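[1] okay, sequence plus prediction incoming.
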Amino acid sequence: MVYYVEYVFVENFILDFILLFITGKLIKRQIIIKRLIAASLVGALYVIIAYCVGREFMTFFIVKFSVSVLMIMIAFDSKGILTNIRVIICFYIASLLMAGIISALYYFTYDKLTVNAIIMSMFTGYAALHFFFKEIKDRITRHNYIRRVTVTIGNKSKTFRGYIDTGNELSDPVTGKPVMVVNIDCIRDIIGDDLYGRITEFYEKKSYENLLTADNTINLRVIKYKTISKGSETMVCIVPDEIEIINDNKKIFIDAIMGIHPKRISMNDYDALLFKKLLDWELETENDYVKSY
């Protein structure tokens, strides 16, 4: 089989350029076309030199790795060792995925693989990698926003997982205290079956009679709020005696209202939606609402 040097050069240049472009997009680095072109030229030249020289050492892993690191340093600004390691890992993940896609295309097209097919496969791979890295990032973000919450009402306490919803800015219109939203089933054992039944009935029938007139030692209130989808809504709230939030080794006590939601908030991850202010409170040492442990 005859190989044309210029064809091999152009093909590798295009592949390297697309790989570097995809890597830059995935790690959200600034894309400078001139730098990508220069880095791609280095990669393409390496292939030609390795082929022409014909020395075995040119195919050693350390040589290939060094060339790829040089390409990355040319393509992207150097911002520390850890950042560069992250870029290198992303580059190799993208390369392995693209190699797998191209091999599959080569197999299924019976050797009739074209440059257009390669380019299309690489952008398909980019979409897959983008989804993969986004999912990882979302999972990390969710983990960072998870808190352990302990609510005390009277002499009973309940511990559950809460998630900081940065879109939750619901507050009690009377006191101005923020509201965390909790699944009613999660706190059933500390509010009792009677109150559980009356709150459930309220959400089903919107009847205040049984909810507010019955004798109850738990401080109840009903607040109104607006949603985009349903307009004006009402929520039964409880004022707990104590709310404890734990994040890693840091514990704080907050003064907030507990809104009761009749349905599950999350399938498995958490049972409560915390509020945006909590992120600021965790950074403060003195606050009327926060009591550091």
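    That came through fine.
[2] and the strands in this protein?
    146-153, 156-164, 179-183, 220-227, 231-238, 242-247, 250-254, 257-261, 272-274, 290-292 (DSSP state E).
[3] how about the third one: buried residues?
    Read that as strand 179-183. Across strand 179-183, burial judged by 16 or more other C-beta atoms under 10 Å covers 179-183. The C-beta positions use only the backbone N, C-alpha and C, and glycine is treated the same way.
[4] how about those residues in a markdown table, adding pLDDT?
    A markdown table is the format used below for those (pLDDT from 0 to 100):
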| residue | pLDDT |
| --- | --- |
| V179 | 91 |
| M180 | 90 |
| V181 | 91 |
| V182 | 92 |
| N183 | 91 |
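[5] okay, now the domains of the chain?
    Domain segmentation of the chain under automatic domain parsing yields 5-143, 145-292.
[6] right, and L220 touches F202 too?
    No - the criterion here is C-beta atoms under 8 Å, and L220 misses it with F202 at 9.9 Å.
[7] give me the common contacts of these two.
    211, 236 (C-beta atoms under 8 Å, 6 or more residues apart in numbering).
[8] of these two, give the one with the bigger neighbour count.
    F202 (22 against 18; other C-beta atoms under 10 Å).
[9] give me the distance between that one and Y196.
    Distance, F202 to Y196, by C-beta to C-beta, to the nearest Å: 11 Å.
[10] do I93 as well
    For I93 relative to Y196 (C-beta to C-beta), the value is 49 Å.
[11] again, but for I254
    Distance from I254 to Y196, by C-beta to C-beta: 24 Å.
[12] more crowded one of these two?
    I254 (23 against 17).
[13] in space, what's closest to that one - neighbours in sequence excluded?
    Distance criterion C-beta to C-beta, 6 or more residues apart in numbering; nearest residue to I254, sequence neighbours excluded, is I243 at 5.1 Å.
[14] per-residue pLDDT, that neighbour?
    For I243, the pLDDT comes out at 90.
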